[in-house]
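*Asks:* need a structure here:
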Amino acid sequence: MDVSTSLRIVEVPREERAIIRELNRRIFGDTHVIRSFERTDLLMLVAWLNGAPTGFKVGYRLRKGVFYSAKGGVVPDVRRQGVARALLHAMLDAVRGRGYREFVFDTFPNKHPGMTILALNEGFQVVKAGYNAEHEDYRLRFSRSFPK
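*Replies:* Next up is the predicted model:
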C-alpha cells in the first residue's frame with residue numbers, strides 16, 4: 001500500500017497533547033509519554049492515515065544545537081508501511097529548519113528492533129550504548145548531524 005497519498009503529518013500544539021497520550025496508550029499500553037511537556041522547543045507530530053491518527057513523534061531541545069527525539073511510535077496495524085520513516089523525516093526537516101546541527105534519539109533494540117534498523121538505514125551513527133535498568137534493556141543512542 002502506498003501511504004504517501006493518504007498520509008498526513010501535522011504538528012500539534014502543547015495544548016493538544018491528549019492525542020499524543022491516546023496514541024501512546026494504543027501503541028505502548030500506557031499514557032506516560034515523557035516526564036514533562038514543559039520543554040524548550042517542544043515539537044509534537046501526529047501522523048494521520050486515511051483520516052485516523054496512526055502515529056506520533058515527540059522531541060525537544062536537549063542542549064544548544066542538539067535536538068532530542070524523546071518518543072514516538074506507530075499503531076501496530078499500520079506498521080511497516082512507512083509511517084515511522086515519514087514521521088522521522090518530518091521531524092528532521094522541522095529540526096533542521098529551526099537551526100539545530102544535530103538530531104539524537106535513544107532506542108531499546110531488543111524491544112524495538114525496527115527503530116534500530118530504521119536509524120542505520122537513515123544514516124544515523126551509534127554514539128552511546130549501555131544497559132538501562134529502568135527499561136531492563138540495552139539502550140542505544142543514535143545521532144545524525146546536519147550538513148552545514
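*Asks:* from here on, contacts and neighbour counts on C-alpha atoms
*Replies:* Noted.
*Asks:* which residues sit against the biggest helix by length in the chain?
*Replies:* Secondary structure of the chain per DSSP state H: the longest helix is helix 83-97. Here helix 83-97 makes contact (CA atoms under 8 Å, 6 or more residues apart in numbering) with 3, 7, 9, 45-47, 55-57, 67, 73-74, 103, 118, 146.
*Asks:* out of the residues you listed, which sit inside strands?
*Replies:* Taking DSSP state E, the ones among the contacts of helix 83-97 that sit in strands are Leu7, Ile9, Leu45, Val46, Ala47, Gly55, Phe56, Lys57, Phe67, Gly73, Val74, Phe103.
*Asks:* tell me the contacts of Leu45?
*Replies:* Ile9, Val10, Glu11, Val12, Phe56, Lys57, Val58, Leu87, Met91.
*Asks:* would you turn those into TSV with distance to Asp41 and pLDDT?
*Replies:* TSV is the format used below for those (distance: CA to CA, whole Å; pLDDT from 0 to 100):
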residue	distance to Asp41	pLDDT
Ile9	18	95
Val10	16	94
Glu11	12	94
Val12	13	93
Phe56	17	94
Lys57	14	95
Val58	11	94
Leu87	17	95
Met91	12	95
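*Asks:* highest neighbour count among these?
*Replies:* Compared across these, Phe56 has the highest neighbour count, 29 neighbours, by other CA atoms under 10 Å.
*Asks:* quickly note the distance from that residue to Val127.
*Replies:* From Phe56 across to Val127, the span is 24 Å (CA to CA, to the nearest Å).
*Asks:* hey, what's Pro140 bridged with?
*Replies:* Quick fix: residue 140 reads Leu, not Pro. Legend: beta-bridge partners of Leu140 under DSSP bridges are Thr107, Ala129.
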